[in-house]
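>>> Okay, here's the prediction I keep looking at, along with the sequence it came from:
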Amino acid sequence: MNIPHKTSPTLAINQKVKDLRAQGESVINAGFGENRFPLHPKLKSSDPEFHTDYESVQGILPLRKAVSTFYKTINNEDVKSANVIITPGCKGALFSAVAILDGDLLLPAPSWVSYAPQAIISGKKVVHVPTSAAHDYVPTYDELELAHTQAVNQGHDPKVLILNYPNNPTSCIATKGQIEDIVRFCKEHDIAVISDEIYSQLTFHDNEHVKFSDY
């Protein structure tokens, strides 16, 4: 799903100024209400990297590059730093993702306690997808199809699915076959997927963690 977006003009100007200054240019920034006077020595930190100017809402570039390197080293994924967003914790990232995507939320049950309230705050209907121990609490194609059909018949518009594997609270993981079934369902119904894989490095199981991004 392509989400149209437009950068705030003041943020775009500020980033352009930063880029030019990094190239050695002397630029007066008329975009932000931010002065360039040095901080008083008594207030200045001993940290040589300490600064008081506004930063990109996407996160500082060195940190985004470190995240990109991490994914390349650990998961062999080519995640470009330009596509990385730094947030104050996972809940902030998940809330933002749920809020900006159109449509109601499909949520496998049981699930982590924050997901549903975040969707409700964003004005979305939460459509619970019952799962079973027989399938390690991973929603099957048929379970997703049934929940989706019932939601549409009730006048809802499920367009987002949150996955969380390895899962909290069940501790179960999703297999390659299960992920492939979920992908097939999502493609057929144009469902955007938020895959919360925060526990991917803590998998103690015969089967390896399956990254949803591989699909």
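Looks like it came in fine.
>>> if you go through this structure in chain order, where are the helices?
Per DSSP state H, the chain has helices spanning 9-22, 61-74, 90-100, 115-121, 141-153, 176-189. These are given in chain order.
>>> Dump these into CSV; add mean neighbour count, mean pLDDT and distance to P169 as well.
All C-beta spots, glycine's among them, are computed from the backbone N, C-alpha and C. Written out in CSV, the entries for the helices of the chain read as follows (neighbours: other C-beta atoms under 10 Å; pLDDT from 0 to 100; distance: least, C-beta to C-beta, whole Å):
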stretch, mean neighbour count, mean pLDDT, distance to P169
helix 9-22, 14, 84, 38
helix 61-74, 14, 92, 25
helix 90-100, 16, 93, 16
helix 115-121, 17, 96, 12
helix 141-153, 16, 98, 18
helix 176-189, 16, 96, 18
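>>> Put together a markdown table for those, with distance to K42 on each row.
Formatted as a markdown table, the helices of the chain follow (distance: least, C-beta to C-beta, whole Å):
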| stretch | distance to K42 |
| --- | --- |
| helix 9-22 | 26 |
| helix 61-74 | 28 |
| helix 90-100 | 33 |
| helix 115-121 | 42 |
| helix 141-153 | 60 |
| helix 176-189 | 56 |
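>>> can you tell which of those helices is closest to Y54?
Using C-beta to C-beta as the criterion, the shortest distance between Y54 and the helices of the chain is 6.3 Å, found for helix 9-22.
>>> Which residues does the closest one contact?
Applying C-beta atoms under 8 Å, 6 or more residues apart in numbering, the contact partners of helix 9-22 are V27, N29, A30, G31, F32, Y54, S56, V57.
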